[in-house]
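Asker: I would like to see how this sequence folds:
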Amino acid sequence: MFANVIDSVNDTLTKEAEAILEVKNTFDHKQVETVFELIKNCQGKIITTGCGTSGAAAKKIAHTLSCVECPSLFLTPSDAVHGALGVVQKEDIVIAFSKGGATQEINNLIPGCLAKGATIIAVTEVEDSYIAQQSHYLLKVTISKEPDDFNMLATSSTIATIALFDAIAIAMTRFRGFTKEQFAVIHPGGKVGEALTQKGE
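Answerer: Predicted coordinates:
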């Protein structure tokens, strides 16, 4: 199908870039505004959860939100139903990521989160899935196709989900007036920290 590796790589990069543009052009504005407001006004923690590549996205998103002073952590689904649900409190927001909406490990922790009175946001493609129906809010993230030949690898869909939450996090910095000085306090390490704490900057 492809003459060489570079042609294949370029094809995938193009399709992944197109997936982000697709989400940009199709996301539900009301849903995103609602998620933004919920995170902005959260009086507790933001708890993200997911399995597989959705879990990888959830971990990254929790880190990014913490970087903009929205205290967040990742909850491992398998640990959640073995006692780790104790971290979930009434003031918290649980953001559950499941592309297809049929991840049993995620479904298993929803009842406990509801019983504890937390607010649940489902991030999925499937509006009639269990997590979408049981959660208080839905953020639907949909792309037409993954770039692999079998439309199976959660690649473009994962990147698109991360990109949308990156956009929400950056919007948070702008609407809260998040400063470079604030960022320097929580990110003193590495090259970023070095640049932030340079005198005269």
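
Asker: gap between A56 and T161?
Answerer: If you measure A56 against T161 using CB to CB, to the nearest Å, the figure is 10 Å. No exception for glycine: its C-beta is placed from N, CA and C like everyone else's.

Asker: mind listing what's buried along stretch 113-127?
Answerer: Under the neighbour-count criterion of 16 or more other CB atoms under 10 Å, stretch 113-127 has C113, A118, T119, I120, I121, A122, V123, T124, E125, V126 buried.

Asker: quick revisit: which residue of A56 and T161 possesses the greater neighbour count?
Answerer: T161 (28 against 16; other CB atoms under 10 Å).

Asker: following the helix or strand where that one lies, which helix or strand comes up?
Answerer: Taking DSSP states H and E as the criterion, T161 maps to helix 156-176. Using DSSP H and E, the helix or strand that follows helix 156-176 towards the C-terminus is helix 180-186.

Asker: let's see which of the buried residues of stretch 113-127 end up in helices.
Answerer: C113 (DSSP state H).

Asker: the buried residues of stretch 113-127: which two are farthest apart?
Answerer: Across those, the longest distance by CB to CB is 22.9 Å; it joins A118 and E125.

Asker: check the secondary structure at T49 for me.
Answerer: The three-state assignment at T49 reads strand, by DSSP: H, G, I helix; E, B strand; the rest coil.

Asker: the nearest residue in space to Q134 that is not next to it in sequence: how many residues sit nearby?
Answerer: In space, Q134 comes closest to I110 once its chain neighbours are excluded; the distance is 5.0 Å by CB to CB, 6 or more residues apart in numbering. I110 has 20 neighbours, counted by other CB under 10 Å.

Asker: which helix or strand contains I110?
Answerer: Per DSSP H and E: helix 104-115 holds I110.

Asker: what packs against that helix?
Answerer: The contact analysis (3 or more CB pairs under 8 Å, 6 or more residues apart in numbering; DSSP states H and E) places helix 104-115 against strand 46-50, helix 77-80, strand 93-97, strand 119-124, helix 130-134.
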